[in-house]
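[1] Okay, sequence plus prediction incoming.
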Amino acid sequence: MKLGLIAVGIVALVSEGLAQNGNYSLSHFNPAQERSDYLSFDLTQDDRGIIYIAGKEGVEEFDGRRWRLIPTPGVNYTLAKTKNGILVGGLEGYGLVIDDPAKGWSYQSLSKEVVAKNIFASITLKDKTYLINDGYVFVVSATDNKAEATIKAPEATELTGIFEINGKVQITTIDKGQFTVEGNKIVPSTFSIADDQVLFTEKLIGSGSYLIGTATNRLFISDEDNPPRELVIKDQTYLNSHVISDGVWLNDQVVAIGTLRGGVVFINVSTGVTEEIIDYDTGLPDNEVFALLCDKRQGIWVAHSYGYTRIATNVPFRSFSHYKGLSGNLLTVQSINGKLYAGTSVGLFLLTQQEVYDDEVYYVTTKNKGNKIVEETPIVTQTSPDERQRAKRGLFGFLKKEKSKTEKEAPDQAQSVSTTAKTSTDIIKREKRIRKILRSLDYSYKKINGIEGKVTQLWNWSGKLMAAGPSGLYEVVDEQATVISEDPIRSFTLTKDNLTLVAATYDDEIKTFSVVDSEWTQTKLLDTLHTFVSFLFEDKQQNIWLCGLNAIYKAEIAEGELVDIVKIPFSNPSMAETFGMAAGSDVLVMIAGKFHRFDFGKGKFMLYDSLGSSGKSLVSGNMFWYFDHSWKTSDQNLKQKFKLEWLNLFPELRFISPDDK
């Protein structure tokens, strides 16, 4: 049988039958717990894989295990990788972060000029690093880190950004157009995006393609041979309303776009389709993204108010934990007929698709001719580009000088709710209307009505779902639950012919149920066996095994009833709950971290193997899962099919469910 895995509590590997894909797995970092402000402006990675982050207290350095804070004078805004270290620009100028084998990490100031303050952007191109503030460009050798030139901006020109396109340094300004650096001069540039301002560019490693983001939330692709080509984004409304802040390539097909209000959006550049949104609802601590970095293993680093999050895009796990509507502690999960059910401490939930709509405001002009009203073309309102540009520049707004002039804005005629004009025959009105616009298809968990309380066990019964726990025993079809028994159920099993169900209750009773024409009825209360049973399973010979605290019971089934019960005692001084499974003709049970195999000749369980000190183990899908230095399973085919060492990434697994994919 081909198997896939769903690990409850942390992550899931997607079943092909599921319509939804789940979310990327996230890892969160906050290096200094006592810090309340993680405002970060730039991230980079050196050739050794070390991550550097520019922040308010210095440069954060992360080698994969440890975080170090490298103190610097003043706030840092920008980082540039050079051959000898990381060049840092900030409030007090620019300098070099170096790793000295004798002294460790340190910051060395390189700026000597009085005007070298408030350095807020930089790039390294070939053998030079270019840094800017609002009035100057500073050129530093990327090989020996010596200052080579200080270039003053043209008169009355305020610099706002710096980027590279096709091997040339480009500089954006406020109201003065775009410039380029040639030698030690700033001259007008021939490259521009019509009626827009470039916010960032990102070159795809190993190619000549550039990702360009603009102040009006548009995205472009550019290369050396072709002019910039605008991407047609299916969810452009989402980018417009949530404001682009940064962007990086994930690979040659997908880009990650950071926003100020909507987290990180992953977009396919070929189709313009949104592949995923990572925001607060899917596990990101904050929707405001300061900066992005794609590391060498295709992980996306996100800087936000609560520290840093790494989005693992290339691990074979997808998370289903952060969909809306899921409540309680996750206990069990089952995929059935392309639907995902989750049992929690408060009930049973089904992952469902829902349509997400936005309200779009528009205006229509009406003419009232006597009793006849004629509607004319609607006028749709939009957010002004200036507002978007100001929102983006808000991150560095404290660097900008107060403007001496007052900006005059034309009144927004579209905001008028109602105007009238009268002629001898017509009355003209402009009326405000609101309509629903489908923005996207989203997923959320929906609670199954009729099940109130903890659900600890789920079972695929001929395409229908069986659910049990302290809440009772139920049959579930789609979103409808039908009660079979209101008794609190500790464990149950179904026979291989799917005609008999055996359940152990919290009252230490064993009950059997039979099905006729899809209707379950209780057939027997086994009053001769009144004991705690933690787990039940069936073997190859259709015997039912009941796992107690100090004995295992073997019973045969005849006409839907348990008969010929045999008690097999064992030692269990710790009173640990026991469980078991059938493996071919063998019967195995787990007792206090030790595997025992039943010897049919001797009529008792013999020690077969034991776990290490952790003792983590469970049974699911008629196989043992256990942690012995790493997660393993008794199913040899599964061991060969999957790299189970991936499970070691998640130390708090408490249930693992196989499905038919």
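    Here it is on my side, so go on.
[2] can you map out the helices along this structure?
    236-242, 385-392, 636-641 (DSSP state H).
[3] So which residues of the stretch 251-400 of the chain form strands?
    Counting by DSSP state E, counting those that start in this stretch, the segments of the stretch 251-400 of the chain that form strands are 254-259, 264-268, 274-278, 291-294, 299-304, 307-312, 330-336, 339-344, 347-369, 372-375, 379-380.
[4] Which of the helices of the chain has the lowest mean pLDDT?
    Of all the helices of the chain, mean pLDDT reaches its minimum on helix 385-392 (a mean of 36).
[5] Quick one: low-confidence residue ranges for the stretch 351-500 of the chain.
    355-358, 360, 362, 366-426, 436-441 (pLDDT under 70).
[6] if we go to 90?
    Judged by pLDDT under 90, the stretch 351-500 of the chain has its weakly predicted residues at 352-444, 450, 452, 460-464, 478-480, 495-500.
[7] With the stretch 151-300 of the chain instead?
    Checking the stretch 151-300 of the chain against pLDDT under 90 turns up 156, 166, 174-177, 183-184, 190-196, 206-208, 223-227, 241, 261, 280-283.
[8] that older thread, for Tyr443, which of the strands of the stretch 251-400 of the chain is the nearest?
    Set against Tyr443 and scored by Cβ to Cβ, those come closest in strand 347-369, at 5.6 Å. No exception for glycine: its C-beta is placed from N, CA and C like everyone else's.
[9] check contacts around Pro31.
    With contact taken as Cβ atoms under 8 Å, 6 or more residues apart in numbering, Pro31 is in contact with 60, 62, 67, 69, 307.
[10] pLDDT value on the spatially closest residue to the second one that is not a sequence neighbour, please?
    In space, Phe62 comes closest to Ile51 once its chain neighbours are excluded; the distance is 4.4 Å by Cβ to Cβ, 6 or more residues apart in numbering. The confidence metric pLDDT takes the value 94 at Ile51.
[11] now swap in Tyr626 and tell me
    Looking at Tyr626, its pLDDT reads 82.
[12] Return the distance of it relative to Ser634.
    Going from Tyr626 to Ser634 by Cβ to Cβ, to the nearest Å gives 8 Å.
[13] The two: which has the busier surroundings?
    More neighbours surround Tyr626 than the other of Tyr626 and Ser634, with 21 against 18 (other Cβ atoms under 10 Å).
[14] list the contacts for Phe579?
    When contacts are counted by Cβ under 8 Å, 6+ apart, Phe579 touches 534-535, 537, 547, 589-590, 618-619.
[15] can you put these in JSON lines and add neighbour count?
    JSON lines is the format used below for the contacts of Phe579 (neighbours: other Cβ atoms under 10 Å):
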{"residue": "Ser534", "neighbour count": "16"}
{"residue": "Phe535", "neighbour count": "24"}
{"residue": "Phe537", "neighbour count": "21"}
{"residue": "Cys547", "neighbour count": "23"}
{"residue": "Val589", "neighbour count": "24"}
{"residue": "Met590", "neighbour count": "26"}
{"residue": "Leu618", "neighbour count": "16"}
{"residue": "Val619", "neighbour count": "20"}
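[16] what about the residue lying closest to Lys146 once chain neighbours are set aside, how many neighbours?
    Spatial nearest neighbour of Lys146, chain neighbours left out: Val140 (6.9 Å); criterion: Cβ to Cβ, 6+ apart. For Val140, the neighbour count with other Cβ under 10 Å is 25.
[17] try Thr512
    20.
[18] how close does Asp195 sit to Lys604?
    85 Å.
[19] Between these two, tell me which one has more neighbours.
    Lys604 (13 against 8).
[20] show me what contacts the nearest residue to Leu525 once chain neighbours are set aside?
    Closest residue in space to Leu525, ignoring its immediate chain neighbours: Lys511 at 5.5 Å, by Cβ to Cβ, 6+ apart. Residues in contact with Lys511 (Cβ under 8 Å, 6+ apart) are 485, 487, 502-503, 505, 522, 524-526.
[21] so what's Lys511 bridging to?
    Ala503, Leu525 (DSSP bridges).
[22] Pretty sure Leu525 sits against Glu509.
    Yes - with contact defined as Cβ atoms under 8 Å, Leu525 counts as touching Glu509 (6.3 Å).
[23] more neighbours, these two?
    Neighbours of Leu525 and Glu509, each counted by other Cβ under 10 Å, are more numerous for Glu509; the result is 17 against 11.
[24] rewinding a little: how many neighbouring residues does the residue nearest to Phe62 have?
    21.
[25] so what pLDDT did the nearest residue to Ala504 once chain neighbours are set aside get?
    Using Cβ to Cβ, 6+ apart and skipping residues adjacent in sequence, the residue nearest Ala504 is Val533, 3.7 Å away. Note on Val533: pLDDT of 93.
[26] and the gap between Val533 and Gln542?
    For Val533, the distance to Gln542 - Cβ to Cβ - is 18 Å.
[27] Show me which of the two is the more surrounded one.
    Set side by side, Val533 and Gln542 show more neighbours around Val533, with 24 against 12, by other Cβ under 10 Å.
[28] Filter the contacts of Lys511 down to the buried ones.
    Buried members of those, counted by 16 or more other Cβ atoms under 10 Å: 485, 487, 502-503, 505, 524, 526.
[29] Out of those, which comes closest to Lys296?
    Nearest to Lys296 among those: Ala503, at 52.8 Å, using Cβ to Cβ.
[30] For the contacts of Pro31, which entry has the maximal number of neighbours?
    The most neighbours of any of these, using other Cβ under 10 Å, belong to Glu60, which has 24 neighbours.
[31] Next, the contact list for the nearest residue to it once chain neighbours are set aside, please.
    Using Cβ to Cβ, 6+ apart and skipping residues adjacent in sequence, the residue nearest Glu60 is Ile53, 4.1 Å away. Ile53 is in contact with 40, 42-43, 59-62, 79, 303, 308, counting by Cβ under 8 Å, 6+ apart.
[32] What is the nearest of these to Gly161?
    Asp42 (12.6 Å).
[33] For that closest one, give its distance to Val533.
    For Asp42, the distance to Val533 - Cβ to Cβ - is 60 Å.
[34] Do you know the pLDDT at Gly89?
    pLDDT at Gly89 comes out at 95.
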